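1. kindly return the folded structure for what I paste below:
(chains A and B)
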There are 2 protein chains.
Amino acid sequence: MYIVDCDCHNDWHSADVLLPYLEGWWRECYLRGEHTGPRGAFPHGHRAWFHPEDFRRADIKPTCEEEEYTLMRDKHLNPNNIDVAILTGEEALETSTLANPHYAMALAKANNDWMVNEWLPKDERFYGSIIVAPQDPELAAQEIRRLGDHPRLVQVLVSHGSTMPYGDPFYHPIYRACEEVGLPFSIHLGGNGGINTMPFANGSPRYFTEAHALFSQPAQTHLVSMIVNGVFEKFPTLKMVVIECGVSWVPPLLWRLDAEWRALRKEVPWLKHLPSEYCFEHVRFTTQPLEQPSKIEHLWAVLEAMQAKDTLMFASDYPHWDQDEISAIRLPEGWTPNVFGLNALKVYKRLSHLIPAAEAAATANVGAV
Amino acid sequence: MYIVDCDCHNDWHSADVLLPYLEGWWRECYLRGEHTGPRGAFPHGHRAWFHPEDFRRADIKPTCEEEEYTLMRDKHLNPNNIDVAILTGEEALETSTLANPHYAMALAKANNDWMVNEWLPKDERFYGSIIVAPQDPELAAQEIRRLGDHPRLVQVLVSHGSTMPYGDPFYHPIYRACEEVGLPFSIHLGGNGGINTMPFANGSPRYFTEAHALFSQPAQTHLVSMIVNGVFEKFPTLKMVVIECGVSWVPPLLWRLDAEWRALRKEVPWLKHLPSEYCFEHVRFTTQPLEQPSKIEHLWAVLEAMQAKDTLMFASDYPHWDQDEISAIRLPEGWTPNVFGLNALKVYKRLSHLIPAAEAAATANVGAV
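-> This next block holds a predicted model:
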């Protein structure tokens, strides 16, 4: 089985790793300015819902920078036979929560350079994400163009927390830059404090248990917003990836959205197709967390309704608390090559050279059965 | 077939119908105070997402107060063979958007008295809702106790827009009163302006098409909040009804919430059961709008996963733009007697005397087949 892990977090032991990559005033700002904790804490607006047992796996505790990689290799990449790991950073996504967009982008840029210089060379299985702070879309677009032709950077990545839904024309400079460099626009759970709006409908829950159950809501809003505002009409080659926001909410939302469009299309005349058609064509979703009903056929019916054989991609979310075991992911027969490898190799254009290897692995696997 | 319509809107032609029921200063306030439009407009904070073709059916246009009833009778109750119609008001739900809770409750109270005096006597099929403004729970509880033993009032009703999620202890005086009088606590789409919080996760959409697709989000938040805050442990006989908030989002959310509880139950130790068990035991959902995927088996799998044979209840949403045709509601074999009648007669205790008639109709129906 050929495995592409679409969400592998390359954390830092201390945010001080960014110092060599922070330029001029922003370096001073990080060194002398306000922090959220002791030295090494990353400047960001933390969300209000604190995980009672921490969001990192209790059994993965790096004691120095080097172990951030060696533990990942020894506890995840090697034992799980990962062929490609797409690095998604960690706290750098939280730059979206900062009021000062210049400081935010300086930190995101430092993260990107640190990852390119210190992570990609470590392991040939690694590919990277260009993390941007979306609150100043022109600054974000500059960063996308700066790094956009790097052969091992496969996507533009933002937090699913934001100041408004991502279909808003305010964000369109980001999509223009994504189209120019040929990279998908990806959203990942996070960025739910600071300047960003309440990530839950109708006010704040009290407990992390509630918050985590509802963390798919911002992705629901963004998906509807991207489709209905015509982003995929305006940027017809743009792809979108929804990471760590859950999966099985997608069909119920699309059923409803298709019904709205049938009844109200005069309000949004730029949409030429059913909303679900834009979704299946342009949007991909990752497995972690994949819902686990007591009756697997219920999940499979939902997956079939979202054409998940072609729209779902494996993600481990290493090293987070709720990481899915690969062996626990039960899929309909024949879906494995697509969901664990080919769907990602197709949507991430920079990975297309790996398609033959994945197809060969799929064929070998069929032979083995 | 015995049909209970769980959402039948008894609108007014002009809010001036409330004048005889508004007391003292509040009557003056309505007569002399600020309005949202010409005389007859109801004081409320209107939502920001305006339906481009109005939320009322284009073919139902009462020209006077009397036609509010006669059109309902002639266009809906009689042709659709409705046996019981639960009246859910219309703009009175919007009292939740007003800053002044005393004015809000005076208006809600006037609505309730108007409905009891001028709607219930019109038609023996009618049963009513006690509408309350939840922003001052003690005032709301007073109104519940004032009317709670009326034999034809079957539920306490609030908008799904609110200042915070309904599981918050702030609202518990309402549930204490509901338990005392033996009525379910029901939420209905609405109240999404004024003092209430943004009804969508992560900021505002731009178009009604988006908003309407996402209007299930506040219900998601409330359902999680009611369960996780232990409302059904604290008030073990309380029932909750979710009206006009969609249906098929329920199983994906419960799958996720059950997983959170399995992992994080130490955070919420007052929960003794799986969240989904509280839901199936205490919460009922109404059909309108029932999602309509292209493949009906996908919907049926989702309905089975929420035990909808016992948790789903028919609602017409008369006279709104997206009213479901009864003939368009396709259910798994054998579910009709429950979904169209018995489930409602069981959760609405004031209707339990009608169970024998509904069971007789179900038996006759089987005989006919």
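2. got the contact list for A:Gln220?
-> A:Trp249, A:Leu253, B:Ala201, B:Leu214, B:Gln217 (C-beta atoms under 8 Å, 6 or more residues apart in numbering or on different chains). Every C-beta, even on glycine, is put in place using the N, C-alpha and C of the backbone.
3. and which of those is nearest A:Tyr348?
-> A:Trp249 (23.5 Å; C-beta to C-beta).
4. confidence score at that closest one?
-> Predicted confidence (pLDDT) for A:Trp249: 98.
5. the contacts of A:Gln220 in helices, which ones?
-> A:Leu253, B:Leu214, B:Gln217 (DSSP state H).
6. now, among those residues, which is nearest to A:Pro236?
-> A:Leu253 (22.6 Å).
7. what's the neighbour count on the closest one?
-> 28 (other C-beta atoms under 10 Å in any protein chain shown).
8. ok, it - contacts?
-> A:Gln220, A:Leu223, A:Val224, B:Ala213, B:Trp249.
9. my read is that the fourth one contacts A:Leu257, right?
-> Yes. Between B:Ala213 and A:Leu257 a contact is recorded at 4.3 Å, counting by C-beta atoms under 8 Å.
10. shared neighbours of those two, anything?
-> A:Val224, A:Val228.
11. more neighbours, these two?
-> Counted by other C-beta under 10 Å, B:Ala213 and A:Leu257 do not tie: B:Ala213 has more neighbours, with 30 against 25.
12. that one and chain A, how far apart?
-> 4 Å (C-beta to the nearest C-beta, to the nearest Å).
13. quick revisit: mind putting the contacts of A:Gln220 in TSV, distance to A:Ala177 included?
-> Formatted as TSV, the contacts of A:Gln220 follow (distance: C-beta to C-beta, whole Å):
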residue	distance to A:Ala177
A:Trp249	29
A:Leu253	28
B:Ala201	26
B:Leu214	28
B:Gln217	30
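14. please, where are all the strands along chain A?
-> Using DSSP state E, the strands of chain A run over A:4-8, A:84-87, A:126-131, A:153-159, A:185-188, A:240-243, A:283-286, A:312-313.
15. got a markdown table for those strands, with mean pLDDT too?
-> Shown next, in a markdown table, are the strands of chain A (pLDDT from 0 to 100):
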| stretch | mean pLDDT |
| --- | --- |
| strand A:4-8 | 98 |
| strand A:84-87 | 98 |
| strand A:126-131 | 98 |
| strand A:153-159 | 98 |
| strand A:185-188 | 98 |
| strand A:240-243 | 98 |
| strand A:283-286 | 98 |
| strand A:312-313 | 98 |
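16. coming back round to it: with distance to A:Leu331 as added columns, please give the contacts of A:Leu253 in CSV.
-> Shown next, in CSV, are the contacts of A:Leu253 (distance: C-beta to C-beta, whole Å):
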residue, distance to A:Leu331
A:Gln220, 23
A:Leu223, 22
A:Val224, 27
B:Ala213, 28
B:Trp249, 23
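17. closest to A:Leu342 among those?
-> Once C-beta to C-beta is applied, the member of the contacts of A:Leu253 that ends up nearest A:Leu342 is A:Leu223, at 22.7 Å.
18. residues near that closest one, how many?
-> 30.
19. check contacts around it.
-> If you count contacts by C-beta under 8 Å, 6+ apart, A:Leu223 has them with A:Val242, A:Val250, A:Leu253, A:Cys279, A:Val283.
20. for chain A, what's the longest helix?
-> Under DSSP H, chain A gives helix A:101-118 as its longest helix.
21. so what's the residue count around the closest residue to A:Glu90 other than its chain neighbours?
-> Distance criterion C-beta to C-beta, 6 or more residues apart in numbering or on different chains; nearest residue to A:Glu90, sequence neighbours excluded, is A:Asp11 at 4.1 Å. Neighbourhood size, A:Asp11 [other C-beta under 10 Å]: 19.
22. any idea how far the residue in the stretch 1-150 of chain A positioned nearest to chain B lies from B:Phe185?
-> Closest approach between the stretch 1-150 of chain A and chain B, counting by C-beta to the nearest C-beta: A:Pro52, at 4.7 Å. For A:Pro52, the distance to B:Phe185 (C-beta to C-beta, to the nearest Å) stands at 29 Å.
23. kindly report the same for A:Cys245.
-> A:Cys245 is 30 Å from B:Phe185, by C-beta to C-beta.
24. and what of A:Val84?
-> Note on A:Val84: its distance to B:Phe185, by C-beta to C-beta, is 50 Å.
25. who's more crowded, these two?
-> B:Phe185 (27 against 24).
26. my read: the more buried one touches B:Lys239, true?
-> Yes. B:Phe185 is in contact with B:Lys239 according to C-beta under 8 Å; the separation is 7.3 Å.
27. count of neighbours near A:Trp249?
-> By other C-beta under 10 Å, 27 other residues sit near A:Trp249.
28. which one is it nearest to, not counting chain neighbours?
-> Excluding its sequence neighbours, the residue lying closest to A:Trp249 (C-beta to C-beta, 6+ apart) is B:Pro252, at 4.6 Å.
29. residues contacting the one you found?
-> A:Gly246, A:Ser248, A:Trp249, A:Pro252, A:Glu291, A:Val302.
30. what's the neighbour count on A:Leu120?
-> Neighbour tally, A:Leu120, other C-beta under 10 Å: 18.
31. ok, it - contacts?
-> A:Leu87, A:Phe126, A:Tyr127, A:Gly128, A:Arg152.
32. contacts for the worst-scoring helix or strand of chain A on mean pLDDT next, please.
-> Ranking every helix and strand in chain A by mean pLDDT, DSSP states H and E puts helix A:355-368 at the bottom, with a mean of 84. By C-beta under 8 Å, 6+ apart, the residues outside helix A:355-368 that reach it are A:Met1, A:Tyr2, A:Val4, A:Asp83, A:Thr336, A:Pro337, A:Gly341, A:Leu342, A:Leu345, A:Lys346.
33. so which of those sit within helices?
-> Counting by DSSP H, the contacts of helix A:355-368 place A:Thr336, A:Pro337, A:Leu345, A:Lys346 in helices.
34. neighbour-wise, which one of these leads?
-> A:Leu345 (24 neighbours).
35. for A:Ile243, see how far away that residue is.
-> The gap separating A:Leu345 from A:Ile243 is 16 Å, by C-beta to C-beta.
36. over to A:Val154?
-> 12 Å.
37. per-residue confidence at the nearest residue to A:Phe340 once chain neighbours are set aside?
-> Distances taken as C-beta to C-beta, 6+ apart put A:Phe314 closest to A:Phe340, at 4.6 Å, once the chain neighbours are dropped. As predicted, A:Phe314 sits at a pLDDT of 98.
38. please apply the same query to the one 4 residues further on.
-> Here the pLDDT value assigned to A:Tyr318 is 96.
39. so how far is stretch A:193-208 from its chain's centroid?
-> Mean-position distance between stretch A:193-208 and its chain equals 20 Å (C-alpha atoms, centre = their mean, to the nearest Å).
40. is it anywhere near chain B?
-> Yes. Shown here: stretch A:193-208 in contact with chain B (C-beta under 8 Å from any C-beta of the partner chain) through A:196-208.
41. which one of those sits closest to A:Glu267?
-> Ranked by distance to A:Glu267 (C-beta to C-beta), the residues of stretch A:193-208 next to chain B are led by A:Ala201 at 21.3 Å.
42. who touches that closest one in this structure?
-> A:Leu214, A:Gln217, B:Met198, B:Pro199, B:Phe200, B:Ala201, B:Leu214, B:Gln217, B:Pro218, B:Gln220, B:Thr221.
43. repeat that for A:Gly89.
-> A:His9, A:Asn10, A:Asp11, A:Asn111, A:Met115, A:Ser129, A:Ile131, A:Leu157 are the contacts of A:Gly89 under C-beta under 8 Å, 6+ apart.
44. so it versus A:Leu120, what's the distance?
-> Distance from A:Gly89 to A:Leu120, by C-beta to C-beta: 13 Å.
45. got it, and A:Val302?
-> 36 Å.
46. likewise for A:Ala344?
-> The value you get for A:Ala344 to A:Leu120, if C-beta to C-beta is used, is 18 Å.
47. hang on, the earlier thing: out of the strands of chain A, which comes closest to B:Glu66?
-> B:Glu66 lies closest to strand A:283-286 among these, at 51.0 Å (C-beta to C-beta).
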